[in-house]
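Student: dropping the sequence and predicted coords here.
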Amino acid sequence: MKIQGMTDTTETRSRMPLGLAQRGYTGVIQHLAAKQADSALSDVELESRLIELGFVEGARVEILHEGLVGRDPIAVRVDSITIAVRRREAMAIIVA
């Protein structure tokens, strides 16, 4: 139920891993949780890689495209750049 005059902000939206989102989803990165991802990289390596790619707290994200096989990888716009990431690695990116 929405209260009249209340908008859908990141404070009212539920948090979820970006890896669960579908094409067209837009949100804001809340934090990284590398331990939640099933990646071949260590937690430290994965978190460093995501930060280097621009997945930082407060960045706006939008899922632009999904791969044909298993909807993987996904093309994600992070602020003004577009990056392809595997869904299992996107599970470490918590968005709202």
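Tutor: It's in.

Student: which stretches of this structure have low pLDDT?
Tutor: 1-12 (pLDDT under 70).

Student: for it, which segments count as helices?
Tutor: Remark: helices assigned in the chain by DSSP state H are 43-53, 87-90.

Student: for Thr82, which residues make a bridge with it?
Tutor: Beta-bridge partners recorded for Thr82 (DSSP bridges): Arg77.

Student: can you report how many residues lie near Met91?
Tutor: Neighbourhood size, Met91 [other CB atoms under 10 Å]: 21. C-beta: built from backbone N, CA, C; applies to glycine.

Student: for it, phi and psi?
Tutor: phi -60, psi -20 (degrees, to the nearest 10).

Student: Gly67 too?
Tutor: phi -60, psi 160.

Student: how close does it sit to Ala84?
Tutor: Between Gly67 and Ala84 the computed distance is 9 Å (CB to CB, to the nearest Å).

Student: many thanks, I have nothing further to ask.
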